[in-house]
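> Sequence and predicted structure are below.
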Amino acid sequence: MEDQKEMKKSSAVDRVVNELIDRIVRGDLKPGSKIPTEPELATECSVGRNSVREAIKQLEAFGVLYIKKADGTYIADNYNPKMLDPMVYSLILKEHDWNDFVQLRAVIDIGTLHMALRSRGTQEIVPRLKEVLSEMKEEMEKALPDLDQILELDLSFHSMISDTLHNPQLKVVNDYITRLSIPSRRKSIERWVSDHRVAFFLDLHSQIVDVIEKREVQRIEQVISAHYIYWYDINSL
């Protein structure tokens, strides 16, 4: 009986959350605008006021709403990193499905590279990408390579490409995906080094540079897919 009450309450809270999100998406509620009062929302959504309070609390925790004491609740008018927390949590909870995560990364990188090659300015980063590859090679071939340093260079390599788009929304998404991928990428690098496959690791990166330098759009999917298929294989062992 208690479980049924909790399920009904959760469903009512979700109804309010979805209604507010829908209104924001439709433009009925704009950034910086005040949302309806608790009694109004309770009536409009056919739920109790406790459910409205819980929904507002959730959206406030995610940075979508903010409360002005003695005034009311407003739609956030500035980006807050907490807004992406639900996406991050969902990815963490499903991290056992490694293939899905690799596919997500590949899709983002394929799309990013397609967009980057539309700009001639992207070729300007080629010399720096080659420098990073050279630094990675030097570090990976040391008797005792610094895995954290190699990881930083790898992260820098990929972020340089996405940064050419100067798209703050893409940067936010990339930063979150990167944050989740760091442990597995470090594991990958460790295995590349221990298995003496440094040349192959570097070649996968060199192919990306080659695609950018020669503007070979037709090779993007093949090169990126190969890059992440091997990342999947190593982390699934």
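Looks like it arrived, so ask away.
> need the longest helix for the chain.
Using DSSP state H, we find that the single longest helix of the chain is helix 168-194.
> Can you give the distance of that helix from its chain's centre?
10 Å (C-alpha atoms, centre = their mean, to the nearest Å).
> helices or strands up against that helix?
Applying 3 or more C-beta pairs under 8 Å, 6 or more residues apart in numbering; DSSP states H and E, we find helix 168-194 packed against helix 85-93, helix 98-116, helix 126-140, helix 147-163, helix 198-214, helix 220-235. No exception for glycine: its C-beta is placed from N, CA and C like everyone else's.
> Mind doing that once more with 6 Å?
helix 147-163, helix 220-235 (3 or more C-beta pairs under 6 Å, 6 or more residues apart in numbering; DSSP states H and E).
> Turn those into a markdown table, including distance to Val52.
Formatted as a markdown table, those follow (distance: least, C-beta to C-beta, whole Å):
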| stretch | distance to Val52 |
| --- | --- |
| helix 147-163 | 40 |
| helix 220-235 | 43 |
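> and Ala116, how far is that from Asp210?
14 Å (C-beta to C-beta, to the nearest Å).
> Of those two, which one has the most company?
Per other C-beta atoms under 10 Å, whichever of Ala116 and Asp210 has more neighbours is Ala116, with 21 against 14.
> so where's this protein shaky on pLDDT?
Filtered on pLDDT under 70, the chain yields the residue ranges 1-10, 79-98, 229-237.
> run the last query once more with 90
Within the chain, the stretches with pLDDT under 90 are 1-11, 21, 24-27, 58-64, 69-71, 76-108, 118-123, 167-192, 194-197, 225-237.
> burial count for His196?
Neighbours around His196, by other C-beta under 10 Å: 8.
> SS state for it?
Here His196 is coil, with the state taken from DSSP: H, G, I helix; E, B strand; the rest coil.
> Dihedrals phi and psi, it?
phi 60, psi 40 (degrees, to the nearest 10).
> For Gln58, see how far away it is.
With C-beta to C-beta as the criterion, His196 and Gln58 are 50 Å apart.
> go on, Pro145?
45 Å.
> got it, and Gly72?
17 Å.
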